[in-house]
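Visitor: After the sequence you'll find the predicted model.
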Amino acid sequence: MASIGWIRDKGQLTIPDEIRKAARLKPGDPVEIELVDGVLVLTPKKLIDASQAWFWTAEWQAGEAEASADIAAGRVTSHDGDEDFLAALGE
């Protein structure tokens, strides 16, 4: 997808609406800007609250992927309450 944007007086760039929507950009979102071999590369970035950073560690994300694969493959159980759950554990 390509489109034309415009540079304003103070160096502000207007990103066309269809590009903003496709990139899910909202006003105030951070965007990394690089110059690579003479080409401007804009990469949307999302900031993560420090209190939530643990969720985005490689280890946690690996666990999330494993859990999602188990759910998709039907390798799950459900229980009708605490006692049922503990009984399934053999407690």
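Guide: Thanks, I have it. None of these values were measured; they are calculated from a predicted model.
Visitor: per-domain residue ranges of the chain.
Guide: Domain assignment for the chain by automatic domain parsing gives 6-44, 50-89.
Visitor: Using a markdown table, please lay out these together with mean pLDDT.
Guide: Output for the domains of the chain, formatted as a markdown table (pLDDT from 0 to 100):
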| stretch | mean pLDDT |
| --- | --- |
| domain 6-44 | 92 |
| domain 50-89 | 94 |
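Visitor: So which residues of the protein form strands?
Guide: 6-7, 13-14, 31-36, 39-44 (DSSP state E).
Visitor: now the second one, how far from the centre of its chain.
Guide: So that's strand 13-14. Remark: strand 13-14 is offset 24 Å from the chain centroid, using Cα atoms, centre = their mean, to the nearest Å.
Visitor: longest helix of the protein?
Guide: Taking DSSP state H as the criterion, the chain has its longest helix at helix 58-72.
Visitor: quick revisit: next, format the strands of the chain as a markdown table and append mean neighbour count.
Guide: From N, CA and C alone the C-beta is placed, and that goes for glycine too. Listed next are the strands of the chain as a markdown table, based on neighbours: other Cβ atoms under 10 Å:
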| stretch | mean neighbour count |
| --- | --- |
| strand 6-7 | 9 |
| strand 13-14 | 12 |
| strand 31-36 | 9 |
| strand 39-44 | 11 |
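Visitor: would you turn the ones you listed into JSON lines with distance to Ala87?
Guide: Putting the strands of the chain into JSON lines (distance: least, Cβ to Cβ, whole Å) gives the following:
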{"stretch": "strand 6-7", "distance to Ala87": "67"}
{"stretch": "strand 13-14", "distance to Ala87": "62"}
{"stretch": "strand 31-36", "distance to Ala87": "52"}
{"stretch": "strand 39-44", "distance to Ala87": "48"}
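Visitor: Among those strands, which comes closest to Trp60?
Guide: Minimum separation from Trp60 across these (Cβ to Cβ) falls at strand 39-44, 22.2 Å.
Visitor: so how far is that closest one from its chain's centroid?
Guide: 18 Å.
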